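A.B. asks: structure here, sequence nowhere to be found:
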């Protein structure tokens, strides 16, 4: 049984823990857990009440014996944590996590290097929310039951070529594909709904769906084609990288003779001989 005397609480702020560790239940009413309060302590489990709205820097860092973390249910996670990736830093043995759906978006930052996340498999999912893609495939098809893609859920996937997004996902955050550049196959999402940094990938994904003869909304299709025509020079790097986008540009005769020199230079820049040959063949038709 947790002894309330183990906690030093001042005006709702937990500033010090004096207990022996083990299974710790933070008292309801605590609004903030101060920095380093449990750093390095021999905790085995911790329960964080819904009254907590802020957790300080390294509050639970280096608790190597910590295996279980429970966040009591709450309606939102606004302002709950500051330095996300440091709260449970150095706690690799966390294997059991109970966390409300409203906190799914910050789960990757909290538990990135823990057993819990690793054990969730290729698609780390919490209540239809994709926390992180942990596989190694070049071409990924996201399961239909997933409704949201988390913050940086595909970040750093350097070898990722394409991601097919189900219709259950209606929006994609600008950070989802940070430091990766796949074709984002989601033609049900209008081009204007993508963040600027995701639009080239969305165009490459649209091109694949278009050339494969997928059933497309006519208004959405028209907007994609209009965007590709208007932003063709900006899309050259993506077109050279993703064959389908280049094929669409050539098939729709989006390129004029004065455009192709820049595109050929991009082919050389990426050392893509096949793309260069396709462009040169196109030149002969002009």
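C.D. replies: Received, thanks. This structure is a prediction, so every number in the text was calculated from the model and none was measured.

A.B. asks: quick check, residue 105 in contact with residue 150.
C.D. replies: Yes: in this structure, residue 105 is within contact of residue 150 by Cβ atoms under 8 Å, at 5.7 Å. Every residue, glycine included, has its C-beta placed from N, CA and C.

A.B. asks: more neighbours: which of the two?
C.D. replies: Higher neighbour count among residue 105 and residue 150: residue 150, with 25 against 18, using other Cβ atoms under 10 Å.

A.B. asks: ok, that one - contacts?
C.D. replies: Residues in contact with residue 150, defined by Cβ atoms under 8 Å, 6 or more residues apart in numbering, are 104, 105, 107, 108, 129, 130, 131, 132, 173, 176.

A.B. asks: let's go with 7 Å and repeat that
C.D. replies: For residue 150, the contact set (Cβ atoms under 7 Å, 6 or more residues apart in numbering) comprises 104, 105, 108, 129, 130, 131, 132.

A.B. asks: need the residues you listed in a markdown table (columns: secondary structure).
C.D. replies: Shown next, in a markdown table, are the contacts of residue 150 (DSSP: H, G, I helix; E, B strand; the rest coil):
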| residue | secondary structure |
| --- | --- |
| 104 | helix |
| 105 | helix |
| 108 | helix |
| 129 | strand |
| 130 | strand |
| 131 | strand |
| 132 | strand |
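
A.B. asks: and the host helix or strand of residue 239, average pLDDT?
C.D. replies: Using DSSP states H and E, residue 239 sits within helix 236-241. Averaging pLDDT along helix 236-241 gives 96.

A.B. asks: show residues contacting it.
C.D. replies: Against helix 236-241 from outside (Cβ under 7 Å, 6+ apart): 181, 200-201, 203-204, 245-246, 249, 262-263, 266-267, 270, 272, 275.

A.B. asks: in that helix, what counts as buried?
C.D. replies: Buried residues in helix 236-241, counting neighbours by 16 or more other Cβ atoms under 10 Å, are found at 236, 238, 239, 240, 241.

A.B. asks: need the pLDDT of the closest residue to the second one other than its chain neighbours.
C.D. replies: Nearest non-adjacent residue to residue 238, counting by Cβ to Cβ, 6 or more residues apart in numbering: residue 200, 4.0 Å away. Here, the pLDDT recorded for residue 200 equals 96.

A.B. asks: element containing residue 200?
C.D. replies: helix 199-211.

A.B. asks: could I get the buried residue list for that helix?
C.D. replies: In helix 199-211, counting by 16+ other Cβ under 10 Å, buried: 199, 200, 201, 202, 203, 204, 205, 206, 207, 208, 209, 210.

A.B. asks: residue contacts, residue 158?
C.D. replies: Contacts for residue 158 (Cβ under 7 Å, 6+ apart) come out as residue 180.

A.B. asks: and it, what pLDDT?
C.D. replies: Looking at residue 158, its pLDDT reads 90.

A.B. asks: repeat that for the one 4 residues further on.
C.D. replies: According to the per-residue confidence, residue 162 scores 97 in pLDDT.

A.B. asks: quick one, phi psi at the closest residue in space to it that isn't next to it in sequence?
C.D. replies: Nearest-residue entry for residue 162: residue 183, 4.2 Å, with adjacent residues in sequence omitted and distances by Cβ to Cβ, 6+ apart. Torsion angles at residue 183 (phi, psi; degrees, to the nearest 10) stand at phi -70, psi 130.

A.B. asks: going forward, the N-terminal residue is numbered 732.
C.D. replies: Sure, I'll start numbering at 732, so the last one becomes residue 914.

A.B. asks: narrow the contacts of helix 967-972 to those that are buried.
C.D. replies: In these, burial by neighbour count holds for 912, 931-932, 934-935, 976-977, 980, 994, 997-998, 1003, 1006, counting by 16+ other Cβ under 10 Å.

A.B. asks: lowest-confidence entry in the residues you listed?
C.D. replies: Comparing the buried ones among the contacts of helix 967-972 by pLDDT, residue 912 comes last, at 91.

A.B. asks: correct me if wrong, but that residue is in a helix.
C.D. replies: No: counting by three-state DSSP, residue 912 falls outside a helix, being coil.

A.B. asks: surely it meets residue 932?
C.D. replies: Yes: taking contacts as Cβ atoms under 7 Å, residue 912 lies within contact range of residue 932: 6.1 Å.
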